[in-house]
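K.L.:
let's see this in three dimensions:
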Amino acid sequence: MDEKIIRTEREFKVWFEKNFRKVGYSKIIKDNKGKFPDFIMLKNNKKIGVELETLSSNFILHKHDFKKVDELVCIKENIKLPIKTLVLNQLTYKSRITRISATVDKETKELIKDILKRGNYRNISHLIETAIKKIAKEEKNVKKK
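P.N.:
Numbering: from 1, shown residues only. Below is the predicted model of the structure:
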C-alpha cells in the first residue's frame with residue numbers, strides 16, 4: 001500500500017471502508033454510523049467491535065469505554081491504551097486543526113454548558129472557533145472606523 005495522508009476522522013473512515021481487508025478484517029458486518037464502536041467487523045471468523053481514531057489518545061478524549069470494544073485502529077499511537085491496538089503505519093495523519101488548552105472560571109464553564117444545551121454548536125471547539133471569528137471580525141470593523 002502507498003502512503004496516504006489523512007486529515008480528518010471522516011477521511012480515515014472512508015479509507016478504512018475501502019481497505020479493511022488489507023489490514024486483516026474479512027467483512028464489515030455493521031457500520032454504526034458515528035456511534036461507538038464505529039464498526040462491527042469479522043476477523044478470523046469472529047465478530048469484533050472496532051473503533052477508529054486518528055490518534056490513540058482520541059479514544060480517551062471521546063470518553064469511550066474500553067470494555068465495549070475489542071480493537072482500536074489508529075494512525076498514530078501517541079499514548080498506550082489497555083486495549084488491542086492496530087497502528088496503520090502506511091497512513092500519515094496531518095490534522096487540519098490544532099488542539100489548544102483553555103482554563104476558565106466556574107461562571108464561564110456554566111455559560112458554555114448553557115450555550116451548548118441550546119444546540120447551535122456541535123461542541124466546545126465549535127463554540128470557541130465561532131466566538132473567536134466573531135471577535136476578530138468586530139475588531140477589524142472597529143479598526144476600519
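K.L.:
hey, let's count contacts and neighbours off CA atoms from now on
P.N.:
Fine.
K.L.:
alpha carbons of the helix or strand of the chain with the lowest mean pLDDT, as CSV, please.
P.N.:
Least confident helix or strand of the chain, by mean pLDDT, DSSP states H and E, is helix 124-144 with a mean of 87. Extracted C-alpha coordinates of helix 124-144, given in CSV (Å, rounded to 0.1, in the frame of the first residue of the first chain):
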residue,chain,number,x,y,z
ILE,A,124,-16.9,23.4,22.8
SER,A,125,-14.4,23.7,20.0
HIS,A,126,-17.1,24.8,17.5
LEU,A,127,-18.3,27.4,20.0
ILE,A,128,-14.8,28.7,20.7
GLU,A,129,-14.0,28.9,16.9
THR,A,130,-17.2,30.8,16.2
ALA,A,131,-16.7,33.2,19.1
ILE,A,132,-13.1,34.0,18.1
LYS,A,133,-14.1,34.6,14.5
LYS,A,134,-16.8,37.0,15.6
ILE,A,135,-14.4,38.9,17.9
ALA,A,136,-11.8,39.1,15.1
LYS,A,137,-14.5,40.4,12.7
GLU,A,138,-15.7,43.0,15.2
GLU,A,139,-12.2,44.2,15.9
LYS,A,140,-11.5,44.5,12.2
ASN,A,141,-14.6,46.6,11.8
VAL,A,142,-13.7,48.9,14.7
LYS,A,143,-10.2,49.5,13.1
LYS,A,144,-11.9,50.5,9.8
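K.L.:
packing partners of it?
P.N.:
helix 106-117 (3 or more Cα pairs under 8 Å, 6 or more residues apart in numbering; DSSP states H and E).
K.L.:
care to break the chain down by domain?
P.N.:
4-93, 106-144 (automatic domain parsing).
K.L.:
tell me the mean pLDDT for stretch 42-55?
P.N.:
Regarding stretch 42-55, the rounded mean pLDDT is 97.
K.L.:
which residues does that stretch contact?
P.N.:
For stretch 42-55, contacts defined as Cα atoms under 8 Å, 6 or more residues apart in numbering pick out 8-9, 12-13, 24-29, 36-41, 59, 68-78, 93.
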